[in-house]
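K.L.:
curious how this folds, go ahead:
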Amino acid sequence: MVRLHHISIVVKDADRAKETFLRLLNGSLVGEHIIDEGRLKLVWIKFNNTILELLQPLSSDSDIYRSLEERGEGLHHIGVEVDDIEEEVERLKKLGMSFVGEKPISEVLNMLIAFVSPNDLHGVLYELVQHKRK
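P.N.:
Prediction:
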């Protein structure tokens, strides 16, 4: 089963954007994290059953920084939650989808993730998310 997990937006200033979206969506702050060896700040805001993920590059050598420089602030990707990420990756590969990165499945914040190439989905970067089983 696939269900919407989050919508991700690249921003210049996550703290400023956080305040804007908390007011706009009447949401609640889920968490803030620094990942990718200190190169990326994530802010998660929950509203209804969806998470808005704000991405702020903290270093000029991150992919998100390059995205911000090339395209400016805005939609970065759509994240969908799956029950079995390996099964979903195989299903999508059989449909001809390609994945970003050498290894399609990686781990971040106790989740397994994989990115389907935007070249295969009309320009939209599509992230698969599976919460790790305990």
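K.L.:
which residue ranges of this structure form strands?
P.N.:
All strands of the chain, identified by DSSP state E, fall at 2-10, 28-35, 40-47, 50-57, 74-82, 106-108, 111-116, 125-131.
K.L.:
what does the third one contact?
P.N.:
For strand 40-47, contacts defined as CB atoms under 8 Å, 6 or more residues apart in numbering pick out 6, 14-15, 17-18, 21-22, 25-35, 51-59, 62, 64, 109. Where C-beta positions appear, they are placed from N, C-alpha and C, glycine not excepted.
K.L.:
so for that strand, mean pLDDT?
P.N.:
For strand 40-47, the mean per-residue pLDDT is 96.
K.L.:
do the first one as well
P.N.:
On average, the pLDDT along strand 2-10 is 94.
K.L.:
just checking: what are the partner strands of it?
P.N.:
The strands that strand 2-10 pairs with in its sheet are strand 50-57 (parallel), strand 74-82 (antiparallel) (by DSSP bridges).
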